[in-house]
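Student: Got a predicted structure here, sequence first:
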Amino acid sequence: MTELQEDYLDQTALIEMANLIVSRDGKNILDSIDLRIEQGENVAIVGPNGSGKSSIIKVITGDYRPRAERDMSFRILGRERWNLPELKNLMGIVSGDLQFNYARSICGFDVVLSGFFSSIGIYPNHKVKPEMIETVFEVMKFLEISPLCDKLISKMSTGEARRLLIARALVHNPRVLVLDEPANSLDIKSHHKFRETTRKIAACGTNIILVTHELADIIPEIGRVVLIKNGKIFADGNKEDMLTEEKLSELFGLPVYVMEKDGYYSAWC
């Protein structure tokens, strides 16, 4: 890549969506989405279950294709077309249920190593290079999970497995870490560790895109919140303006009370 190309990429938005529509089974699950996320911007996408927030992530990762509408556009780093391996190297993706796709007999090291191949496990056709092994050890050390190297995933707590999946997502040094409902099923202590891990990654300059319905998942480093309701963007702006009792009550359809402390938010009904 030339210096001119690198400069262009550095100035280009990470994600651009305009009039984006996605249909499944004859129904629009995303409708007229206009969304722009800049490089270096940490964003939370918040909404009720079934609102379409995870569908936005599936569009970004190439799992869902938008309808070909006249005024529709969708670009990642200025490009409309990516092949899947390129896209997976650009993004590290962690979802709450990914760990259940792994065989119970796989060890932590192999889970992280599988991130190089975007696979669920390591197979004979995978060509493991020495630098890959070195990177796995480095990432696990950075995330303070080295003791999980030889531990079977079936013997790990949910919190341990979740941090392992973050390491898997980071081995190819992605520009953005996408977290889709990452704290599901975590207890209070594991949730705290998970947030601290996410903050550590954000401090290193990796973009964070978080999808959640829990305000407690939103770390202080996330400055922008996009609210999704019924497949449409309900509101979009600074975190302080979005996470208000008025807006969240309208978003969830019942009275919601909000408290903020040390940059973290919590909500209850």
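Tutor: Yes, it's here. Numbers count the residues shown, from 1 in each chain.

Student: ranges for the strands of the chain?
Tutor: Under the criterion DSSP state E, the chain contains strands at 15-24, 27-37, 43-46, 73-76, 91-95, 176-180, 207-212, 224-229, 232-238, 257-261, 264-268.

Student: which helices and strands sit right next to the third one?
Tutor: Taking 3 or more CB pairs under 8 Å, 6 or more residues apart in numbering; DSSP states H and E as the contact definition, the neighbouring helices and strands of strand 43-46 are helix 53-60, strand 207-212, strand 224-229. No exception for glycine: its C-beta is placed from N, CA and C like everyone else's.

Student: Need the mean per-residue confidence for the first one.
Tutor: Right, the one you point to is helix 53-60. Averaged across helix 53-60, pLDDT comes to 93.

Student: ok, and what's touching that helix?
Tutor: With CB atoms under 8 Å, 6 or more residues apart in numbering as the test, helix 53-60 has contacts from 15, 17, 20, 22, 29-30, 33, 35, 45-47, 64-66, 74, 76, 91, 93, 178, 180-181, 209, 211-213, 228, 231.

Student: picking up where we left off before, want to throw the strands of the chain into JSON lines with mean neighbour count and mean pLDDT?
Tutor: Shown next, in JSON lines, are the strands of the chain (neighbours: other CB atoms under 10 Å; pLDDT from 0 to 100):
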{"stretch": "strand 15-24", "mean neighbour count": "18", "mean pLDDT": "95"}
{"stretch": "strand 27-37", "mean neighbour count": "17", "mean pLDDT": "96"}
{"stretch": "strand 43-46", "mean neighbour count": "26", "mean pLDDT": "98"}
{"stretch": "strand 73-76", "mean neighbour count": "18", "mean pLDDT": "94"}
{"stretch": "strand 91-95", "mean neighbour count": "22", "mean pLDDT": "90"}
{"stretch": "strand 176-180", "mean neighbour count": "23", "mean pLDDT": "95"}
{"stretch": "strand 207-212", "mean neighbour count": "23", "mean pLDDT": "96"}
{"stretch": "strand 224-229", "mean neighbour count": "22", "mean pLDDT": "98"}
{"stretch": "strand 232-238", "mean neighbour count": "16", "mean pLDDT": "98"}
{"stretch": "strand 257-261", "mean neighbour count": "11", "mean pLDDT": "97"}
{"stretch": "strand 264-268", "mean neighbour count": "15", "mean pLDDT": "96"}
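
Student: Between the ones you listed, which one is closest to Phe117.
Tutor: Phe117 lies closest to strand 91-95 among the strands of the chain, at 13.5 Å (CB to CB).

Student: returning to that earlier point: do you know which of the strands of the chain lies nearest Pro130?
Tutor: Here strand 91-95 is closest among those (CB to CB), at 21.8 Å.

Student: Residues contacting the closest one, please?
Tutor: Residues contacting strand 91-95 (CB under 8 Å, 6+ apart): 57, 60-61, 115, 162, 165-166, 168-170, 172, 174-182, 206.

Student: can you dump the C-alpha coordinates of stretch 61-78 into CSV?
Tutor: Only the C-alpha atoms of stretch 61-78 are listed here, as CSV (Å, rounded to 0.1, in the frame of the first residue of the first chain):
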residue,chain,number,x,y,z
THR,A,61,-19.6,-8.3,8.9
GLY,A,62,-21.1,-9.3,5.6
ASP,A,63,-23.5,-11.8,7.0
TYR,A,64,-26.5,-9.7,5.9
ARG,A,65,-26.7,-8.0,2.5
PRO,A,66,-28.7,-4.8,2.1
ARG,A,67,-31.4,-4.4,-0.5
ALA,A,68,-30.2,-2.8,-3.8
GLU,A,69,-32.1,0.5,-3.5
ARG,A,70,-31.5,3.5,-5.8
ASP,A,71,-30.2,5.8,-3.1
MET,A,72,-28.6,3.1,-0.9
SER,A,73,-24.9,3.1,-0.2
PHE,A,74,-22.8,1.1,2.2
ARG,A,75,-19.0,1.5,2.6
ILE,A,76,-16.3,0.3,4.9
LEU,A,77,-13.2,2.5,4.8
GLY,A,78,-14.5,4.0,1.6
